[in-house]
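*Asks:* only geometry, no sequence info:
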């Protein structure tokens, strides 16, 4: 069975600083990996996804993530944080099978300080 | 194209009451799911459906019922509400690689 861990339930960065949100997964077969963002009182919105091909994937709002199979990681980064990036971020995994469900990590709340 | 819609946005129930959370999607997706979101626990799958007439249990199904009579609609029923069901509920529909979430229903059980 798959599982997802996110290191740090709360991360604070200064505006303009690097954002790094960590995600590690466990899976017996190569997974599909996702990052979702949730702004206050809203649903989840897809930031980016890795299915196959290039291991560095770019998403919306300047975010990117790199799939590292050897480290079973899919960390999310952004070179320069903006106040509007303050939100909760969820990493999720599923397998290459339409019937497989998504498994979500516990989430990391990102605060951006002025 | 409205995507995934959920009603109501907010609901307060007393212990023992029943209610139905509505979910509809207009993307013709076969696969739909219900999740609950609790602080520090991410999203946990309650029930899901891979097509009309087909439903199955997820990680936390107890106290909830679902049915899928059409592709568009996937209602979630709380049979006898308990304080432990206080949560935010999200409905989602998906393609093979992507899930689309509704705006959520915030439920409080007193």
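*Replies:* Nice, I can see it. No experiment lies behind these values; they were computed from the predicted model shown.
*Asks:* residue B:68 contacts residue B:49, doesn't it?
*Replies:* Yes - judged on C-beta atoms under 8 Å, residue B:68 makes contact with residue B:49 at a distance of 4.2 Å. The C-beta positions use only the backbone N, C-alpha and C, and glycine is treated the same way.
*Asks:* spit out the residues that contact the two alike.
*Replies:* By C-beta atoms under 8 Å, 6 or more residues apart in numbering or on different chains, residue B:68 and residue B:49 have these common neighbours: B:32, B:55, B:74.
*Asks:* okay, and the beta partners of the residue most central in space within chain B?
*Replies:* By C-alpha atoms, centre = their mean, chain B has its centre lying nearest to residue B:34, at 3.3 Å. Beta-bridge partners for residue B:34, by DSSP bridges, are residue B:47, residue B:91.
*Asks:* run through the residues that contact it.
*Replies:* By C-beta under 8 Å, 6+ apart, the residues touching residue B:34 are B:21, B:23, B:45-48, B:58, B:64, B:66, B:74, B:76, B:89-92.
*Asks:* which residue ranges of chain B form helices?
*Replies:* Counting by DSSP state H, chain B has no helices to list.
*Asks:* return the helix or strand in it with minimum mean pLDDT.
*Replies:* Least confident element among the helices and strands of chain B, by mean pLDDT, DSSP states H and E: strand B:99-101 (a mean of 90).
*Asks:* in its sheet, what does that one sit against?
*Replies:* In the sheet, strand B:99-101 lines up with strand B:87-94 (antiparallel) (DSSP bridges).
*Asks:* strands of chain B, start to end?
*Replies:* For chain B, the strands defined by DSSP state E cover B:4-7, B:10-13, B:19-25, B:31-37, B:43-51, B:54-57, B:64-66, B:76-78, B:87-94, B:99-101, B:105-109.
*Asks:* wait, I meant chain A
*Replies:* A:3-5, A:10-14, A:19-21, A:24-26, A:31-38, A:44-50, A:56-58, A:64-68, A:73-78, A:87-95, A:103-104, A:108-113.
*Asks:* need those strands in JSON lines with distance to chain B and mean pLDDT, can you?
*Replies:* Formatted as JSON lines, those follow (distance: least, C-beta to the nearest C-beta, whole Å; pLDDT from 0 to 100):
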{"stretch": "strand A:3-5", "distance to chain B": "8", "mean pLDDT": "91"}
{"stretch": "strand A:10-14", "distance to chain B": "10", "mean pLDDT": "97"}
{"stretch": "strand A:19-21", "distance to chain B": "14", "mean pLDDT": "98"}
{"stretch": "strand A:24-26", "distance to chain B": "13", "mean pLDDT": "93"}
{"stretch": "strand A:31-38", "distance to chain B": "6", "mean pLDDT": "93"}
{"stretch": "strand A:44-50", "distance to chain B": "4", "mean pLDDT": "93"}
{"stretch": "strand A:56-58", "distance to chain B": "12", "mean pLDDT": "96"}
{"stretch": "strand A:64-68", "distance to chain B": "14", "mean pLDDT": "95"}
{"stretch": "strand A:73-78", "distance to chain B": "15", "mean pLDDT": "97"}
{"stretch": "strand A:87-95", "distance to chain B": "6", "mean pLDDT": "91"}
{"stretch": "strand A:103-104", "distance to chain B": "4", "mean pLDDT": "89"}
{"stretch": "strand A:108-113", "distance to chain B": "10", "mean pLDDT": "96"}
